[in-house]
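[1] Using only what follows, build the 3D model:
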Amino acid sequence: MGNLRKLYRMKYPHLISFIVACNLVLAQDITFSASKRLVEPAMNGEIKPENTVEIKSSLVTPMNGKKTYTWTINGSSQPGKGWELVKGTTLNGEKIKISFNKLGNYSIGLTIVAVSGEDENEVSGEIEDFISVRSVFPELAALYAQKPKPDYVKLVEKSSEYVVKPKFADDPTPNLFLAKGFLGVVKTGNPEARFETAMEDCISAFAAAKELDKNGVIVDDEHQRFLDELQQYLFNENIAVFYDSDPKNNPEGYDILVEYIDYYTQTSSAPVCASLFQGYFKYLKKDTKGSNQLWTTELQKLNAFIDLDEKTAYGSKYKDELGNEIILSNVDLNVLKLGAMKISELMKTRDNENPKEACKLLSIVEPFLIDDTEFATFYSKSFDSCQEKKD
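    Numbers count the residues shown, from 1 in each chain. Down below sits the predicted model:
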């Protein structure tokens, strides 16, 4: 029959279905699963469980015949470049167990060849940044945990040193501690001129960490607590205070609102929650087309969210419009609520008290705010719960 070769090359990270809770990645024809995605580096050649990870593979569509496996780490099948095979493991099995001794992100590749008679089928898959090897940065953690209160200035200074070191260029953790330091400086009111832009610097550091985070460092409980603190500060001290401001009656408050909504979007895993405010800003600039387009496209994204019916200490789990598992925090929901209340009233006024368009908006956000007493009261009193629309 001759050799038949079926070759798939899967190097499209944006097509990957990613499930954090299961440490599972599906690359079309091959499924990769790992015992963990975040690993600490081995020190002085001493290998411990926290330095090792077991990676398994399985085929989405079974292949007949005798199979051979060839694994690669960062494109190489030669140990010694930041990783080693655990004793008893080879790169030619259905699963591998490896240890890491160098910080960074590691891509995992696998080629499976199945031979049945004269037929030969080959399937290849590669997942970029599948494993992250990171330090816990004990020096920075100790500064942040210092009693009776952290030395935030020293935390900023030390974190800044780590951020610029090439060794930690791909690690989000120094940037997270830098953001923690800057927020502490803001909240304690440090008057030094060098900290004049501390809030902006805090957001920039967090945004950098968020971009570098490939495998869930930010969802570690210690960092998730900080994210909650940061978002609460943005909302309670600024957005909630100035959300009713406009350029005519309170231009200073309005500028703060615009600035802090932007800061919030850079911290959130669901920036779509701020889209109603962002459309409002366009509307006030007479960009009616831009505001309507933004509201339409972003609300469609929100409407595609799926409630996973699982609550955490920091919010509820959803799948977003791209299928990513995210947490909608209390601040996410509060930003969504204030935006929905403001824009629905604006739409009703714009449309000569006709609530039709406003009710379309409210019907999308209502499921997210069903337990919110303030929203329920507003929805009932101002729009009669959109009963006419439902009938």
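[2] The residue nearest the centre of the chain in helix, strand or coil?
    By C-alpha atoms, centre = their mean, the chain has its centre lying nearest to residue 269, at 4.7 Å. Under DSSP: H, G, I helix; E, B strand; the rest coil, the three-state class of residue 269 is coil.
[3] State the pLDDT value of it.
    With respect to pLDDT, residue 269 scores 94.
[4] if I look at it, how far off is residue 327?
    Note on residue 269: its distance to residue 327, by C-beta to C-beta, to the nearest Å, is 6 Å. C-beta here means a position set from N, CA and C on the backbone, and glycine is covered the same way.
[5] Tell me how far the nearest residue to the residue nearest to the centre of the chain once chain neighbours are set aside lies from residue 305.
    Leaving aside its sequence neighbours, residue 269 sits nearest to residue 326 (C-beta to C-beta, 6 or more residues apart in numbering; 4.2 Å). Residue 326 sits 9 Å away from residue 305, going by C-beta to C-beta.
[6] Now the common contact residues for these two.
    Common neighbours of residue 326 and residue 305, using C-beta atoms under 8 Å, 6 or more residues apart in numbering, are 318-320.
[7] and the closest residue to residue 351 other than its chain neighbours, how many residues sit next to it?
    Of all residues not flanking residue 351 in the chain, residue 357 sits nearest, at 6.0 Å (C-beta to C-beta, 6+ apart). Neighbourhood size, residue 357 [other C-beta atoms under 10 Å]: 16.
[8] Thought residue 347 was touching residue 357, still the case?
    Yes. The pair residue 357 / residue 347 is scored as a contact, 5.0 Å apart, by C-beta atoms under 8 Å.
[9] Setting the sequence-adjacent residues aside, check what's closest to residue 214.
    The shortest distance from residue 214 to any non-neighbouring residue, by C-beta to C-beta, 6+ apart, is to residue 129 (4.0 Å).
[10] Can you report how many residues lie near the one you found?
    17.
[11] Next: residue 143.
    Residues lying near residue 143 (other C-beta under 10 Å) number 22.
[12] Give me the distance between it and residue 218.
    Distance of residue 143 to residue 218, given as C-beta to C-beta: 19 Å.
[13] Check which helices and strands the longest helix along the chain is in contact with.
    Looking across the chain with DSSP state H, the single longest helix is helix 330-350. Under the contact criterion of 3 or more C-beta pairs under 8 Å, 6 or more residues apart in numbering; DSSP states H and E, helix 330-350 touches helix 221-234, helix 251-267, helix 275-284, strand 315-319, helix 356-365, helix 373-383.
[14] how far out from the middle of the chain is that helix?
    24 Å (C-alpha atoms, centre = their mean, to the nearest Å).
[15] How about the one helix or strand residue 180 maps to, which residues are buried there?
    Here residue 180 sits within helix 173-188, counting by DSSP states H and E. For helix 173-188, the neighbour count (16 or more other C-beta atoms under 10 Å) marks 173-186 as buried.
[16] Could you give the average pLDDT over that helix?
    The pLDDT scores in helix 173-188 average 97.
[17] cool, and stretch 54-68?
    What stretch 54-68 shows for mean pLDDT is 88.
[18] If you drop the residues flanking it in sequence, what lies closest to residue 77?
    In space, residue 77 is closest to residue 91, 5.5 Å off (C-beta to C-beta, 6+ apart).
[19] What backbone torsions are found at the one you found?
    Main-chain dihedrals, residue 91, degrees, to the nearest 10: phi -90, psi 20.
[20] same question, the one 5 residues further on
    When read as degrees, to the nearest 10, the backbone of residue 96 gives phi -130, psi 160.
[21] isn't it right up against residue 83?
    No. The criterion here is C-beta under 8 Å, and residue 96 misses it with residue 83 at 10.2 Å.
[22] Could you spell out which stretches of this structure belong to which domain?
    By the assignment in automatic domain parsing, the chain contains the domains 13-133, 134-218, 234-391.
[23] how about CSV for those, with distance to residue 225 added?
    Listed next are these as CSV, based on distance: least, C-beta to C-beta, whole Å:
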stretch, distance to residue 225
domain 13-133, 17
domain 134-218, 10
domain 234-391, 8
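[24] So for residue 228, which of those sits nearest?
    Proximity to residue 228, assessed across the domains of the chain by C-beta to C-beta, is greatest for domain 234-391 (5.4 Å).
[25] Could I get the buried residues of helix 173-188 in JSON lines, plus columns for distance to residue 373?
    Below are the buried residues of helix 173-188 laid out as JSON lines (distance: C-beta to C-beta, whole Å):
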{"residue": "173", "distance to residue 373": "39"}
{"residue": "174", "distance to residue 373": "41"}
{"residue": "175", "distance to residue 373": "38"}
{"residue": "176", "distance to residue 373": "34"}
{"residue": "177", "distance to residue 373": "37"}
{"residue": "178", "distance to residue 373": "38"}
{"residue": "179", "distance to residue 373": "33"}
{"residue": "180", "distance to residue 373": "33"}
{"residue": "181", "distance to residue 373": "37"}
{"residue": "182", "distance to residue 373": "35"}
{"residue": "183", "distance to residue 373": "30"}
{"residue": "184", "distance to residue 373": "33"}
{"residue": "185", "distance to residue 373": "36"}
{"residue": "186", "distance to residue 373": "31"}
